[in-house]
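Engineer: Structural data only, the sequence is not supplied:
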């Protein structure tokens, strides 16, 4: 019975179309799911970047200079409207001037050629942690870790969790007399 079915399919155009579909459908579906997954990640990046840019603009105003946790909560609320289980972390660096920003440099304090956590090893970039004061440059960074929705990550050998980062760099308003930023240096 199966042989008869196979003979009929071999001689008929519909049978050839079924075989061609069976061969191409998995690849087509993998590509289609990959496109959807990539677009979802692009959307996540745009949601995060938009929320960080708004919080960064708000942070430069005197009214928000002290309330940094509220700004972080606003970013978290905006992002979790779309990505409910996303975990966000925030990081601020302050610089005196744009020209003071240097590439991040790792200082190996114990000479073991490994990047140990602070305070054993440290990072230097010409700035200090925090939101700074008047006229200071603030680098506001938010990272979002979320699980991918589609199972294509498994088929492509990628991890289920994805971490995206958004950064904005702005100058605080001249809302008060500002002091010089003293860069953190490794001991």
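Structural biologist: Perfect, I can see it now. Predicted model, so just to flag it, every value in this text is computed and none were measured.

Engineer: Show me where the chain dips below the pLDDT cut-off.
Structural biologist: Along the chain, segments meeting pLDDT under 70 span 6, 9-15, 62, 64-66, 117-121, 123, 175-179, 187.

Engineer: ok, longest helix in it?
Structural biologist: helix 13-59 (DSSP state H).

Engineer: Counting by contacts, list what it packs against.
Structural biologist: Packing contacts for helix 13-59, counted by 3 or more C-beta pairs under 8 Å, 6 or more residues apart in numbering; DSSP states H and E, involve helix 2-11, helix 68-80, strand 137-147, helix 152-155, strand 161-171. Bear in mind the C-beta positions are built from the backbone N, C-alpha and C, glycine included.

Engineer: okay, those in JSON lines with distance to residue 105 and mean neighbour count next?
Structural biologist: Formatted as JSON lines, the helices and strands packed on helix 13-59 follow (distance: least, C-beta to C-beta, whole Å; neighbours: other C-beta atoms under 10 Å):
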{"stretch": "helix 2-11", "distance to residue 105": "67", "mean neighbour count": "10"}
{"stretch": "helix 68-80", "distance to residue 105": "26", "mean neighbour count": "17"}
{"stretch": "strand 137-147", "distance to residue 105": "15", "mean neighbour count": "20"}
{"stretch": "helix 152-155", "distance to residue 105": "34", "mean neighbour count": "15"}
{"stretch": "strand 161-171", "distance to residue 105": "18", "mean neighbour count": "16"}
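
Engineer: Could you save these as TSV and add columns showing distance to residue 48?
Structural biologist: Listed next are the helices and strands packed on helix 13-59 as TSV, based on distance: least, C-beta to C-beta, whole Å:
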stretch	distance to residue 48
helix 2-11	51
helix 68-80	6
strand 137-147	5
helix 152-155	19
strand 161-171	5
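
Engineer: wait, which of these is closest to residue 51?
Structural biologist: Among those, helix 68-80 comes nearest to residue 51, with 4.0 Å by C-beta to C-beta.

Engineer: Let's check: the centremost residue of this protein is which one?
Structural biologist: Nearest to the geometric centre of the chain sits residue 164, at 1.4 Å (C-alpha atoms, centre = their mean).

Engineer: I'd like to know the beta-bridge partner residues of it.
Structural biologist: residue 144 (DSSP bridges).

Engineer: quick one: contacts for it?
Structural biologist: If you count contacts by C-beta atoms under 8 Å, 6 or more residues apart in numbering, residue 164 has them with 41, 44-45, 48, 143-144, 146.

Engineer: May I ask which two of those residues are separated the most?
Structural biologist: 41 and 143 (14.0 Å).

Engineer: hang on, the earlier thing: what is the nearest of the contacts of residue 164 to residue 93?
Structural biologist: Checking those against residue 93 with C-beta to C-beta, the nearest one is residue 143 at 14.0 Å.

Engineer: Which residues are in contact with the closest one?
Structural biologist: Applying C-beta under 8 Å, 6+ apart to residue 143 gives the contacts 88-91, 163-165.

Engineer: Okay then, goodbye and thanks.
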